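Student: here is a sequence together with a model predicted from it:
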Amino acid sequence: MSVGRLLAHLGRGARRIAADTLVGRLRPIPRSVAALDAAAMSSLLGRTVTSVSVIGGDAGTSSRARLALTGEDVPESVFVKMAAESVPLRMMGELGNLAETETRFYCQLAGELAGVPRCHGARFDSWTGRFVLVLEDLAATQCEFPDTLHPIDVDRAALVVELLAGLHATFWGRLPDRRGIGPLGWLYAASDDSAALLTAPLLKASARRLADTTDLPLQRGRFIDDNYRAVATLIDRPPHTVMHGDAHPGNLYFRAGSAGLLDWQAVRRGHPCRELAYTLITSMATEDRIATQRDVLDVYRQALAAGGGPELDRDELWDRYRQAALYPYVAALITAGMGGMQAADIAVRGLELSLAALEDLDTVAVLEKSL
């Protein structure tokens with residue numbers, strides 16, 4: 001990883017935003033929810049849409065809306081994601097390759113998986129970085145959506161790890177080496193991301209900011225803050241498979257006795273424990289996690305093997321899970337410290353859960369021993 005790669009990454013994002021400013025209105029892709037009229041939706045869905053009305057919407061790292069449709073064999077409503085309206089948020093999206101990653105996921109990978117919202121249309125403009133995703137409207141179905149304030153129990157945790165095992169098993173052994181060759185060569189590990197050079201400074205800035213406003217035991221993660229690149233590389237050791245990359249409770253849903261995952265904008269390659277630790281630590285109450293996590297990991301191991309993946313060694317999986325607890329800490333600290341990505345109470349609760357896990361899993365000691 002080099003500063004040169006980071007600068008090139010930033011330069012690409014800046015060029016896309018500049019191109020959008022100069023010629024974006026001439027490009028054949030809708031630029032706002034207001035532009036999603038019947039003609040635009042007909043083009044995206046490949047079916048005749050006769051009317052479009054906005055049910056509701058919000059904004060974050062992308063602009064989002066629920067639309068009601070009428071027309072020939074079209075869904076009654078859809079959920080749409082588009083580029084964020086503000087330049088800073090669009091640049092954040094460019095840093096994480098969020099738009100390109102999610103459109104690629106739905107075009108190339110989603111069709112092989114269960115527990116994924118149905119995609120009705122996807123389009124990405126590599127010149128401007130603008131995109132449109134037309135997805136199943138989960139809010140119109142009988143779905144339940146958890147968050148860190150409403151933790152899941154062990155039965156639902158088992159459903160989630162079975163879902164993750166299905167994802168991991170589907171692509172196990174299909175990734176190329178890390179030189180980026182082959183149809184899945186666009187996937188990279190989180191520690192290989194050029195933008196990861198910014199993670200350590202963000203961790204330290206977030207810790208300073210939160211130290212002034214909370215009494216959280218942030219000293220538990222100081223070793224991780226100071227040695228981020230080394231420990232991130234450690235937990236990203238192979239074997240690798242395809243990961244959701246951001247499977248916190250806000251990206252989970254439950255429907256008809258099954259689990260699902262949404263927001264596939266951070267898909268990465270990596271070891272399963274990075275994902276398992278992130279999901280279980282942020283989704284479960286600490287007491288429930290401590291009491292059941294080894295059993296839940298056994299459910300994962302069995303489901304992975306049943307899905308065509310390998311039979312992972314129980315003790316090795318546990319050790320790597322304990323190391324990978326650094327990942328929910330890193331994600332939660334930056335989310336809570338920088339603000340704007342989640343509601344403050346949800347973000348702080350995620351950090352509380354992550355700090356607790358660093359202690360009960362003795363993660364820092366395991367990392368120190370392994371470096």
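Tutor: Ah, there it is.
Student: what sits up against stretch 268-276?
Tutor: 161, 164, 168, 175, 184, 187-190, 193, 235-245, 247, 297, 300, 304, 312, 317, 320-321, 323-324, 327 (C-beta atoms under 8 Å, 6 or more residues apart in numbering). (C-beta placed from N, C-alpha, C; glycine too.)
Student: ok, of these, which come out buried?
Tutor: Using 16 or more other C-beta atoms under 10 Å as the burial test, those include 161, 164, 168, 175, 184, 187-190, 193, 235-236, 240-245, 247, 297, 300, 304, 312, 317, 320-321, 323-324, 327 as buried.
Student: name the nearest residue to Leu361, sequence neighbours excluded.
Tutor: Once flanking residues are discounted, Leu361 sits nearest to Arg322: 4.5 Å by C-beta to C-beta, 6 or more residues apart in numbering.
Student: ok, that neighbour touching Val366?
Tutor: Yes. When contacts are counted by C-beta atoms under 8 Å, Arg322 is listed as touching Val366 (5.0 Å).
Student: tell me which of the two has more neighbours.
Tutor: Using other C-beta atoms under 10 Å as the criterion, Arg322 and Val366 rank with Arg322 on top: 22 against 19.
Student: mind telling me what element the more buried one is part of?
Tutor: helix 314-324 (DSSP states H and E).
Student: other SSEs contacting that helix?
Tutor: helix 228-235, helix 272-283, helix 286-306, helix 363-370 (3 or more C-beta pairs under 8 Å, 6 or more residues apart in numbering; DSSP states H and E).
Student: how about Met82, secondary structure?
Tutor: Following DSSP: H, G, I helix; E, B strand; the rest coil, Met82 is assigned to strand.
Student: my guess is it meets Pro30, correct?
Tutor: Yes. Because the distance of 7.1 Å satisfies C-beta under 8 Å, Met82 is recorded as touching Pro30.
Student: okay, Met1: pLDDT?
Tutor: pLDDT for Met1: 53.
Student: who touches both of Met82 and Pro30?
Tutor: With C-beta under 8 Å, 6+ apart as the test, Met82 and Pro30 both reach Val132.
Student: and these two? which has more neighbours close in?
Tutor: Between Met82 and Pro30, counted using other C-beta under 10 Å, the more crowded position is Met82 (25 against 22).
Student: excluding chain neighbours, what is closest to the more buried one?
Tutor: Using C-beta to C-beta, 6+ apart, the closest residue to Met82 is Ser63 (4.6 Å).
Student: now for the helix or strand harbouring that neighbour, which elements pack on it?
Tutor: According to DSSP H and E, Ser63 maps onto strand 62-71. For strand 62-71, the elements it packs on are helix 38-45, strand 49-59, strand 77-83, judged by 3+ C-beta pairs under 8 Å, 6+ apart.
Student: okay, the first one in PDB with CA atoms only?
Tutor: The C-alpha coordinates for helix 38-45 follow below in PDB (Å, rounded to 0.1, in the frame of the first residue of the first chain):
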ATOM      1  CA  ALA A  38     -41.900   7.300 -16.100                       C
ATOM      2  CA  ALA A  39     -39.500   7.300 -19.100                       C
ATOM      3  CA  ALA A  40     -36.400   7.000 -16.900                       C
ATOM      4  CA  MET A  41     -37.900   4.100 -14.800                       C
ATOM      5  CA  SER A  42     -39.000   2.400 -18.000                       C
ATOM      6  CA  SER A  43     -35.400   2.400 -19.200                       C
ATOM      7  CA  LEU A  44     -34.000   1.200 -15.900                       C
ATOM      8  CA  LEU A  45     -36.600  -1.600 -15.500                       C
END
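Student: surely Asp288 is in contact with Asp155?
Tutor: No. When contacts are counted by C-beta under 8 Å, Asp288 is not listed as touching Asp155 (10.6 Å).
Student: of those two, who's got more company?
Tutor: Asp288 (17 against 9).
Student: any idea how far that one lies from Pro151?
Tutor: Relative to Pro151, Asp288 is positioned 7 Å away (criterion: C-beta to C-beta, to the nearest Å).
Student: and Leu252, by the same measure?
Tutor: Separation of Leu252 from Pro151 (C-beta to C-beta): 11 Å.
Student: same question for Val33.
Tutor: Counting by C-beta to C-beta, the gap from Val33 to Pro151 is 33 Å.
Student: try Arg269
Tutor: On the measure of C-beta to C-beta, Arg269 and Pro151 end up 28 Å apart.
Student: more neighbours: those two, which one.
Tutor: Neighbours were counted for Arg269 and for Pro151 using other C-beta under 10 Å; Arg269 has more, 23 against 20.
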